[in-house]
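Trainee: Have a look at this fold, sequence not included:
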């Protein structure tokens, strides 16, 4: 295939990636964005396979079959609750691929690199390896293979500085012409260790931010790999992923009213106070309720705001919630869903979860849009959302979530919280909402409780 034809087809691929990002910015058009992006990627793969420099098609075919099978199984078998883990794992694979390409290119051309190529190899190896090992730790935390709480030790930041300093020094050595094989191995080893140390002290509550940040890292690694391979579409695609991931990271930090440095180095979620169902605080007590009582409240309400959280995802209750919402609408109740930017364990987790259950897009309202509606709501039904509904974020200056924008559920006429127990959320603190006189607790598995609510609403 001629260079002109290749560049023209790669340009088409680049345009599809840009359009895909545009459509993915809206839940209503996200499916179309996925199809456009997938079509662009398929075109890029076909064009690459027709290059004269590509050989060993049998080995490439085996890799594509294996990778395609893993992707297919992942897409069809992984539950929505495990989607953040899969995103973290797939993101890590991208970073690892970039690191392996830099290792291969260094073996083949060390000593013959230009300064730009040597610098690209060093950056691809450094960033790709950090993204790979960091994503694996994020996956392990989300999968609860290791503690989701921050894992810290004395002098940790000093150790981290020494590790990344060593990796950076080796990278500079390579960029300035070093061609000893030990340099690239040392760089990769230091970067892999730093990736682990980088994510260990970050708590589970910050995983949405970490996932988007590691996604940006993978994009930058891919862009650097594009310079190594002189591949324009890889450069642009990597830059798009890096830029969008960085922007999303900033937006997520803003949604939590915390700086990125605080997310990365603040060990958010380290403190855990715990609480029991019989907790008493300044004379206030937690009040339990029954599905029948809640059904009466919902049936005679004019407006109900449903607040989904990770507990909804764990219980796989999104289809039941949609059924409950439709049942209330049939009774003339105005039902909307309040979506907090960092609810769940990855950006857009709640949107994807409810879209899977075919909840109409027009009733999914973001935090800034829905907060003014809470004072007009008769009932706010909170399903598994903890830290994003905690009024302490407004009033308690000593709270680790102080200043974080929250959903104003406490401004509704009545609040019903569906929760398994009184255990605190990822931030490790008790939720003051549960002691509000207007709040009642419906304890139990979210799916079971919603099924009981549906039956009780039908009978009311």
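Mentor: Received the coordinates, thanks. Model, not experiment: these values are computed from the prediction. Residues are numbered from 1 along each chain as shown.
Trainee: quick one: which helix or strand includes residue 261?
Mentor: Using DSSP states H and E, residue 261 sits in helix 260-265.
Trainee: what ranges do the strands span in the stretch 251-400 of the chain?
Mentor: In the stretch 251-400 of the chain, the strands defined using DSSP state E, counting those that start in this stretch lie at 280-281, 284-285, 303-308, 334-339, 364-366, 379-383.
Trainee: of those, which approaches residue 195 most closely?
Mentor: When the strands of the stretch 251-400 of the chain are compared by CB to CB, strand 334-339 sits nearest residue 195, at 30.9 Å. Just so you know, the C-beta spots here come from the backbone N, C-alpha and C atoms, and that holds for glycine as well.
Trainee: could you give the mean pLDDT of that closest one?
Mentor: The average pLDDT for strand 334-339 rounds to 93.
Trainee: That strand vs strand 379-383, what angle?
Mentor: For the pair strand 334-339 and strand 379-383, the angle between their directions (axes from the mean of the first three to the mean of the last three CA atoms, to 10 degrees) equals 40 degrees.
Trainee: Direction-wise, compare strand 334-339 with strand 303-308 and give the angle.
Mentor: What separates the directions of strand 334-339 and strand 303-308 is an angle of 30 degrees, with the same axes, to 10 degrees.
Trainee: what pairs with strand 334-339, and is each one parallel or antiparallel?
Mentor: Strands adjacent to strand 334-339 in the sheet, as given by DSSP bridges, are strand 303-308 (parallel), strand 364-366 (parallel).
Trainee: Poorly predicted segments of the protein, please.
Mentor: Of all residues in the chain, those with pLDDT under 70 make up the ranges 27, 80-81, 204-205, 256-259, 262-284, 345-347, 424-428.
Trainee: can I see the domain layout of it?
Mentor: Structural domains assigned to the chain are 78-265, 280-459, following automatic domain parsing.
Trainee: among the ones you listed, which is nearest residue 65?
Mentor: Residue 65 lies closest to domain 78-265 among the domains of the chain, at 16.0 Å (CB to CB).
Trainee: thought residue 243 was touching residue 215?
Mentor: No. With contacts counted by CB atoms under 8 Å, residue 243 stays clear of residue 215, the gap being 11.0 Å.
Trainee: the more surrounded of the two?
Mentor: Neighbours per residue, other CB atoms under 10 Å: of residue 243 and residue 215, the larger number sits with residue 215, 27 against 15.
Trainee: so that one is in which element?
Mentor: Element membership for residue 215, per DSSP H and E: helix 207-229.
Trainee: returning to what we had before: deepest of the strands of the stretch 251-400 of the chain, which one?
Mentor: Each of these was assessed for mean neighbour count using mean count of other CB atoms under 10 Å. The highest is strand 379-383, with a mean of 28.
Trainee: ok, that strand: who's next to it in the sheet?
Mentor: Looking at strand 379-383 with DSSP bridges, its partner strands are strand 303-308 (parallel), strand 414-419 (parallel).
Trainee: And it, how far out from the chain middle?
Mentor: 24 Å (CA atoms, centre = their mean, to the nearest Å).
Trainee: Please enumerate residues in contact with it?
Mentor: When contacts are taken as CB atoms under 8 Å, 6 or more residues apart in numbering, the neighbours of strand 379-383 outside the stretch itself are 294, 297-298, 301, 303-309, 311-312, 317, 321, 338, 374, 389, 409, 412-418, 433, 446, 450.
Trainee: rerun at 6 Å
Mentor: Taking contacts as CB atoms under 6 Å, 6 or more residues apart in numbering, the residues outside strand 379-383 that touch it are 297-298, 301, 304-308, 311-312, 389, 409, 412, 414-418, 446.
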